[in-house]
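1. show me the folded form of this:
(one chain, ligands or ions: 1)
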Amino acid sequence: MRPSSRLERLPPYLFAELERKISEKKAAGVDVISLGIGDPDTPTPEPVVDALATAARDGATHQYPSNRGRAELREAFARFYERRFGVVLDPVREIVPALGAKECVFNLNLAFLDPDSVALAADPGYPVYAGGPLLAGADAVLMPLLPERGFVPDLDAIGGDVAARAQLMYLNYPNNPTGAIAPDGLFERAVAFGREHDVLVVHDASYTETTFDGYVAPSFLETPGAKEVGVEIFSLSKGWNMTGWRTAAIVGNADAVEAYWRLKTNIDSGMFEAVQLAAAAALDAGPPEQMPAIYQHRRDLVCDALAVIGVEVTPPKGTIYVWAPVPDGHTSASYCELVLDESGVVVSPGSAYGPAGEGFFRISLTVPDERLAEAVERLRGSLGG
Ligand SMILES: Cc1ncc(COP(=O)(O)O)c(C=O)c1O
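-> Got it, this is the predicted structure:
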């Protein structure tokens, strides 16, 4: 048996060594606290669960759904976009539900890349931006997100040959893993780049609803001309505590949405209709209001603790992560191992998100307050001073 060469192209799994060590610690009886993965610990809002239960009792939801999605869901996305962002979307041509942002990002590579083409992917970034193009038989060209540039790609630095081969550009603000927000002008530059080089700009809006200190994140589609060159992927996973539900949508450029839909009709059979109706209820209700304050409190707890152990960070204005530099003398991996060894706390090595993530580590804020407080105490105790 031999896996495809496509699969062999994927880079080694950088969490493998860390996972081995975590298992070892747990086997030795250590109470490991994982701040590794970004998966909300707070349940999905009760009315959304009720909407699912009601819809699931209706046998009419039990058959194959259509990949176009139910009108109720597409219309709920359109209402949400208009209310929240002032963006008007045609629910028939400009919205198709996705089984999570991950599925949508991956499948866009299949829909838009040929073997000689490339996708421009942020580095560090959500791993599917770089892995998806490889699995599609194309290439990913990394756009470094550097601290001195506010973790924003330098679009002027993209060479003419790369720009000519590029078919896709992935952007994501508020940004995983850096916590950066989109500065003024970035989306306008992306629209100009998309126009000039005929590149589909894909903005991953997974964290627009999780922001702090009064910051309100924009949609890429608010930018003049964005719909001509781009799409946005909007997910309910993080904002509504619905990671397990697999609810998102691709919205924006009608031709791109159509291409994604055409591909999907060959790959999956859409979202369970009861989940679609529950997601529509979630969109109409808006994201649970208490979540940003919960994460902001946790962010402050973590940033204060990091200062005590000599790690200075700029508190992020969005996402569910704190991105921090590793102390001198360490690599991302060696520091994460030290933190695990000394305190039984798991943090993610920045290098797992791309080469430009080397020298950083990521802390996720998705553990209950008491556990996070305990993790922070352990960090202070074992690594402080
Ligand atoms: C930037 C980004 N995009 C997409 C995803 C996946 O989201 P979904 O649950 O909608 O597939 C994540 C999850 O961590 C993410 O950080």
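2. tell me, how many residues neighbour the residue in the chain positioned nearest to the ligand?
-> Using CB to the nearest ligand atom, the single residue of the chain nearest to the ligand is G100, 2.9 Å away. All C-beta spots, glycine's among them, are computed from the backbone N, C-alpha and C. By the criterion of other CB atoms under 10 Å, G100 has 21 neighbours.
3. wait, it sits on S237?
-> Yes - the pair G100 / S237 is scored as a contact, 6.3 Å apart, by CB atoms under 8 Å.
4. which residues of the chain lie near the ligand?
-> Applying CB under 6 Å from any ligand atom, we find that the chain lies next to the ligand at 38, 100-102, 126, 172, 176, 204, 206, 235, 237, 243, 248.
5. in a strand, V251, correct?
-> Yes - membership of V251 in a strand is supported by DSSP: H, G, I helix; E, B strand; the rest coil.
6. could you pull up phi and psi at I95?
-> Backbone torsions of I95, given as degrees, to the nearest 10, read phi -140, psi 130.
7. for the one 3 residues further on, same thing?
-> Backbone geometry at A98, expressed as degrees, to the nearest 10, gives phi -130, psi 150.
8. state the distance from the residue nearest to it when sequence neighbours are not counted to D161.
-> Using CB to CB, 6 or more residues apart in numbering and skipping residues adjacent in sequence, the residue nearest A98 is C104, 3.7 Å away. Distance, C104 to D161, using CB to CB, to the nearest Å: 28 Å.
9. neighbour count: those two, which is higher?
-> A count of neighbours by other CB under 10 Å puts C104 above the other of C104 and D161, at 25 against 10.
10. which elements pack onto the helix or strand hosting D341?
-> Secondary structure from DSSP states H and E places D341 in helix 332-343. Counting contacts by 3 or more CB pairs under 8 Å, 6 or more residues apart in numbering; DSSP states H and E, helix 332-343 is packed against helix 16-27, strand 345-346, strand 348-349, strand 360-364, helix 369-383.
11. gap between it and the chain center?
-> Relative to its chain's centre, helix 332-343 lies at 25 Å (CA atoms, centre = their mean, to the nearest Å).
12. list of residues touching it?
-> 14, 17-18, 21-22, 25, 32, 326-327, 330, 345-352, 357-361, 375, 378-379, 381-383 (CB atoms under 8 Å, 6 or more residues apart in numbering).
13. hmm, 7 Å instead?
-> Residues from elsewhere that reach helix 332-343 (CB atoms under 7 Å, 6 or more residues apart in numbering): 18, 21-22, 25, 326-327, 330, 345-351, 357-361, 378-379, 382-383.
14. what's the angle from that helix to helix 369-383?
-> Per axes from the mean of the first three to the mean of the last three CA atoms, to 10 degrees, the angle that helix 332-343 makes with helix 369-383 is 100 degrees.
15. buried stuff in helix 332-343?
-> S332, A333, Y335, C336, E337, V339, L340, S343 (16 or more other CB atoms under 10 Å).
16. turn these into CSV, columns for distance to A122.
-> Putting the buried residues of helix 332-343 into CSV (distance: CB to CB, whole Å) gives the following:
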residue, distance to A122
S332, 17
A333, 21
Y335, 22
C336, 21
E337, 26
V339, 25
L340, 27
S343, 30
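17. who's in contact with the residue of the chain closest to the ligand?
-> If you count contacts by CB under 7 Å, 6+ apart, G100 has them with S235, S237, R246, A248.
18. rerun that using 8 Å as the cut-off
-> For G100, the contact set (CB under 8 Å, 6+ apart) comprises S235, S237, R246, T247, A248.
19. can you show me the helices along the stretch 201-350 of the chain?
-> 226-229, 254-264, 273-285, 291-308, 332-343 (DSSP state H, counting those that start in this stretch).
20. just to revisit the earlier point, of the contacts of G100, which belong to strands?
-> S235, A248 (DSSP state E).
21. got the contacts of G100 as TSV, with distance to F272, neighbour count and pLDDT columns?
-> Output for the contacts of G100, formatted as TSV (distance: CB to CB, whole Å; neighbours: other CB atoms under 10 Å; pLDDT from 0 to 100):
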residue	distance to F272	neighbour count	pLDDT
S235	16	25	98
S237	16	21	98
R246	9	20	98
T247	10	29	98
A248	14	27	98
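22. mind giving me a markdown table with the contacts of G100 and columns for distance to A71?
-> Listed next are these as a markdown table, based on distance: CB to CB, whole Å:
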| residue | distance to A71 |
| --- | --- |
| S235 | 20 |
| S237 | 23 |
| R246 | 20 |
| T247 | 16 |
| A248 | 18 |
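23. farthest-separated two in the contacts of G100?
-> S235 and R246 (9.2 Å; CB to CB).
24. any chance of a PyMOL selection covering the buried ones in the contacts of helix 332-343?
-> A single PyMOL command is used to select the members of the contacts of helix 332-343 judged buried by 16+ other CB under 10 Å:
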select buried, resi 18+21+22+25+326+330+345+346+347+348+349+350+351+357+358+359+360+361+378+379+383
